[in-house]
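# What follows is a protein structure lacking sequence information:
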């Protein structure tokens, strides 16, 4: 039963992220952003109003509270993948600062998903932390994030 829950959760996240990617690639950024909001709410249990003013640690607590280790990991990585897509949408619109904020969140949750949880069978939607670091060239990474990058590169 527990395995079924994990698989269903992962399947829903994959489908939701695929919809975001499809809408973005079809040139429908508003639909893609709407799908991100729906996914945050329905699949990850977060509302945009809740996220305003929250730091990564609080978001992490909200995403992972009461979840199994694998579901917590997959939720972190899905949150990272969604933020990567948001960053790409903002980048396409020329909103560089907003893109950097989204890429930073994507980087933090990618690194936490990689470093704090089991490595086996990571979902395909897991962003590349090196790609995200590259997208953040010139962005002053906070010390906590820089430390996570160094740990990921060392391990």
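The structure has been received and is ready for your questions. Just so we're clear, the structure is a prediction, and the values are computed from it rather than from any experiment.
# can we go C-alpha only for contacts and neighbour counts from here?
Fine.
# Off-centre distance for the lowest-mean-pLDDT helix or strand in the chain?
Lowest on mean pLDDT, DSSP states H and E among the helices and strands of the chain sits helix 48-51, with a mean of 80. Relative to the mean C-alpha coordinate of its chain, helix 48-51 is positioned 15 Å out (C-alpha atoms, centre = their mean, to the nearest Å).
# After it, heading C-terminal, what element do we hit next?
Proceeding N to C from helix 48-51, the next assigned helix or strand is helix 56-64, under DSSP states H and E.
# Now that next one: average pLDDT?
Averaged over helix 56-64, pLDDT sits at 93.
# how about it: buried residues?
Buried residues in helix 56-64, defined by neighbour count with 16 or more other C-alpha atoms under 10 Å: 59, 60, 62, 63, 64.
# cool, stretch 40-54 as well?
40, 43, 44, 46.
# Which ones among those residues lie within helices?
residue 40 (DSSP state H).
# Looking at the buried residues of stretch 40-54, spot the one nearest residue 117.
Closest to residue 117 out of the buried residues of stretch 40-54 is residue 44 (17.3 Å), distances taken as C-alpha to C-alpha.
# Could you give the number of residues near residue 112?
Using other C-alpha atoms under 10 Å, residue 112 is surrounded by 20 other residues.
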